[in-house]
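1. Sequence and predicted structure, then a few things I'm wondering about:
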Amino acid sequence: MMSNLQDICILGSTGSIGVSTLSVIEANQSGYNVVALTANKNRQKLFEQCLKYKPRYAVMKDIEQAGQLEKQLQGHNIEVLAGDDGLEAVAALEEVDTVMCAIVGAAGLASTLSAARAGKKVLLANKEALVMSGALFMDEIKQNNATLIPIDSEHNAIFQCLPSSQAQSLIQGNCSLTELGIEKILLTGSGGPFRQTPLEQLSKMTPDQACDHPNWSMGRKISVDSATMMNKGLEFIEAHWLFSASVEQIEIIVHPQSVVHSMVHYRDGSVLALLGLPDMRTPIAHGLAYPNRIESNVQGVNFTEISALTFEPTDEARFPCIRIAREALEAGGAASTVLNAANEVAVDAFLTKRIKFTDIASLIDTVLNKMTSTSVESIAAVMEADAWARVEADHYLARTVN
Ligand code: NAD
Ligand code: MG
């Protein structure tokens with residue numbers, strides 16, 4: 001029995017995805033063993049998780065907080081590590097089989113890459129890591145024989161709609177969508193809280209309004225991304241790298257009920273869709289158990305209770321971030337890295353009320369327009385482009401914020 005246990009490291013265990021992952025593990029205690037948990041600054045929450053799940057390691061990004069946690073955990077036989085080194089170390093531990101990558105933003109890149117390089121089963125929630133490092137990230141997965149399973153609900157849905165024997169080889173770059181008879185993949189997005197807000201009111205929307213998502217409960221950064229639909233832009237780029245899909249092979253449509261999580265169009269006219277309630281425990285359970293199935297404590301869809309499933313084209317005048325992201329992908333090189341970094345700065349500035357909702361897209365556009373074409377052939381170059389974009393974004397803020 002013991003040998004069937006999957007040993008898990010959760011990067012970002014105190015966040016929305018991290019907590020959902022622990023709840024799925026709790027529903028399947030005989031199959032999973034929590035080896036490492038990590039957090040940025042939320043010491044109290046990580047401390048409580050340590051008492052409950054008894055990991056071998058706990059990591060805090062914040063070094064001072066890590067020192068405090070170490071004192072709190074004395075006598076519990078839990079090793080406390082700190083900083084980026086600590087995060088990278090637990091992601092690559094010999095005794096770890098599976099790493100849930102659920103840190104938000106560029107901050108999660110190094111530890112996610114560490115899991116890939118160590119050949120782990122990588123459960124990818126941290127889409128920003130893939131968006132910023134694209135081909136380099138996918139190369140690390142391939143070269144180190146890691147297994148990559150998308151947790152983002154749309155990409156997880158597409159993965160599940162692929163021919164089951166070929167899904168993993170597609171992600172490993174060993175076949176193409178065309179070879180599998182696939183014409184296009186359709187990413188659905190709810191349209192967020194401002195889908196019907198009069199355009200002239202968008203500039204007045206507050207952080208709390210932006211984070212009040214109609215269907216999903218998520219961290220604040222991705223909630224703002226959903227309100228601007230930059231989330232769908234990032235997911236467009238994510239789909240490009242995961243499934244080797246060209247820009248023409250990916251389409252975004254708005255589906256306000258968030259029941260159809262995405263679809264795959266086959267050559268013969270068949271369209272496979274993945275349906276489910278909007279609850280991340282479902283894709284998390286799929287990723288943890290793949291290729292098997294486990295309990296997630298999420299009910300299936302009760303079709304007689306759904307009034308309607310509706311679909312609309314995306315409105316790029318309302319959601320310019322979709323266009324900006326697609327153009328960044330088409331531009332290639334460092335553009336997606338710059339897009340991601342500028343977006344992170346813009347979202348933070350919006351959440352801390354330094355800029356208006358509508359300034360988010362303007363900031364990103366301005367930074368991308370200043371970029372001179374660069375290629376990114378190493379992770380060091382990715383980090384350089386990321387840092388450059390953050391400096392440029394700060395210049396924009398210095399000009400804009402009164
Ligand atoms: P969250 O803000 O709720 O949690 C983020 C986690 O990362 C926390 O544990 C936090 O301590 C940790 N963290 C933050 N900054 C860090 C840093 N600088 N160094 C180390 N750790 C840090 O975010 P979330 O909603 O759980 O999202 C996590 C990731 O999953 C994001 O990339 C998001 O796009 C993706 N995702 C989330 C959802 C969702 O429903 N929440 C759905 C799809 C994809
Ligand atoms: Mg998603």
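-> Nice, thanks for sending it over. Ligands and ions are numbered 1, 2, ... in the order given.
2. got a pLDDT number for S3?
-> At S3, the model reports a pLDDT of 56.
3. cool, N156 as well?
-> Reported pLDDT for N156: 98.
4. element containing it?
-> Element membership for N156, per DSSP states H and E: helix 153-161.
5. which residues are contacting that helix?
-> The set of residues external to helix 153-161 that reach it, using C-beta atoms under 8 Å, 6 or more residues apart in numbering, is 149-150, 167, 171, 185, 187-189, 235, 238-239, 242-243, 261-264, 272-274, 278, 280, 282-283, 286-287. C-beta here means a position set from N, CA and C on the backbone, and glycine is covered the same way.
6. can you rerun that using 6 Å?
-> Outside helix 153-161, the residues that touch it by C-beta atoms under 6 Å, 6 or more residues apart in numbering are 150, 167, 185, 187, 235, 242, 261-262, 264, 272, 274, 283.
7. Get me the contact residues on this structure for ligand 1.
-> Proximity of the chain to ligand 1 is confined to 12-18, 39-40, 42, 61, 102-104, 107, 125-128, 152, 216, 218-219, 221-222, 280 under the rule C-beta under 6 Å from any ligand atom.
8. Can I take it that N297 is in a strand?
-> No. Going by DSSP: H, G, I helix; E, B strand; the rest coil, the assignment for N297 is coil, not a strand.
9. Excluding sequence neighbours, find me the nearest residue to P283.
-> N156 (3.8 Å; C-beta to C-beta, 6 or more residues apart in numbering).
10. I should have written L329 there, sorry.
-> Going by C-beta to C-beta, 6+ apart, L329 has I237 as its nearest residue, at 5.0 Å.
11. Touching, the one you found and L339? I think so.
-> No. Using C-beta atoms under 6 Å, I237 is not in contact with L339; the gap is 8.0 Å.
12. Tell me which of the two has more neighbours.
-> Applying other C-beta atoms under 10 Å to I237 and L339 shows that L339 carries more neighbours, namely 29 against 25.
13. Residues touching the helix or strand where the more buried one lies, excluding its own?
-> Using DSSP H and E, L339 sits within helix 335-351. Helix 335-351 has contacts (C-beta under 6 Å, 6+ apart) with 105, 128, 131-132, 207, 220-221, 224, 230, 237, 328-329, 355, 360, 363-364, 367-368, 371, 382, 385-386, 389-390, 393, 397.
14. Weed out the non-buried ones from the residues you listed.
-> 105, 128, 131-132, 207, 220-221, 224, 230, 237, 328-329, 355, 360, 363-364, 367-368, 371, 382, 385-386, 389-390, 393, 397 (16 or more other C-beta atoms under 10 Å).
15. can you map out the helices along the stretch 201-350 of the chain?
-> 207-210, 220-228, 230-242, 281-289, 320-331, 335-351 (DSSP state H, counting those that start in this stretch).
16. With that, I have no additional questions.
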